[in-house]
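*Asks:* how does the following fold in three dimensions:
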Amino acid sequence: MTTEVVTVLEEMLLTDVVRLLLKWRVSGLPVVDERGELKGLVTEHDLVNFIVSGNAAVTRVSEVMTRDVKTYTPETSFIDIVNDFMIHRVRRIPIVESGRLVGIVSRRDIIREMARTYDLIVGKKEETAP
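*Replies:* This next block holds a predicted model:
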C-alpha cells in the first residue's frame, strides 16, 4: 500500500489534474474533501471520455470524477485485494479508515509485493546458467 497519496479536491480544475497525473506518472487520483474523506476517483479514463465534449480549463473534478468507488480498510488481506484486481480489472483501490483516505493499492504495489515475496531486487543482474 502506498500511504503518501497525491490527492485532488472536487473543486479543482481538470487542467490541474492533468498536470498532477503527468508529474507523478500515475493514471488516477483519489478525490478527497478538506477533511481527507474520500469522495471518489478521477482517472485518465474519465479525462479521455471528457476530452471530446468539454473544456478542461473551466471544468471541475466533481463534474467528471467517479463517485462509486470500491474501497478496503487497512485490515483487508492482500489476497482479497489481489482477487478484486483480477475480477474487476481495476487499476487502484483506495484504503479507507473511518471514511478517511489512508492509502491506495495500485497494480504497481502488487508487483512490488511480488518482488519482495520472490526476493527480487530491482536492477539486480539476472544470473545465467554456465
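*Asks:* leaving aside the residues next to it on the chain, what's closest to residue 59?
*Replies:* Spatially, and ignoring its direct neighbours in sequence, residue 59 is nearest to residue 14 (4.9 Å; CB to CB, 6 or more residues apart in numbering). The way it works is simple: take the backbone N, C-alpha and C, and place the C-beta from them, glycine included.
*Asks:* how much space between that neighbour and residue 115?
*Replies:* Remark: distance between residue 14 and residue 115 (CB to CB, to the nearest Å) = 34 Å.
*Asks:* quick one, which of the two is more surrounded?
*Replies:* Shown here are residue 14 and residue 115; by other CB atoms under 10 Å, residue 14 has more neighbours (24 against 12).
*Asks:* rewinding a little: tell me the spacing between the residue nearest to residue 59 and residue 110.
*Replies:* Going from residue 14 to residue 110 by CB to CB gives 28 Å.
*Asks:* before we move on, what about residue 47?
*Replies:* 24 Å.
*Asks:* neighbour count: the two, which is higher?
*Replies:* Taking neighbours as other CB under 10 Å, residue 47 and residue 110 compare with residue 47 leading, 19 against 15.
*Asks:* quick check: which element contains that one?
*Replies:* Secondary structure from DSSP states H and E places residue 47 in helix 44-51.
*Asks:* so for the very next helix or strand once past that helix, mean pLDDT?
*Replies:* Downstream of helix 44-51, the next assigned helix or strand under DSSP H and E is helix 78-88. Averaged across helix 78-88, the pLDDT comes to 92.
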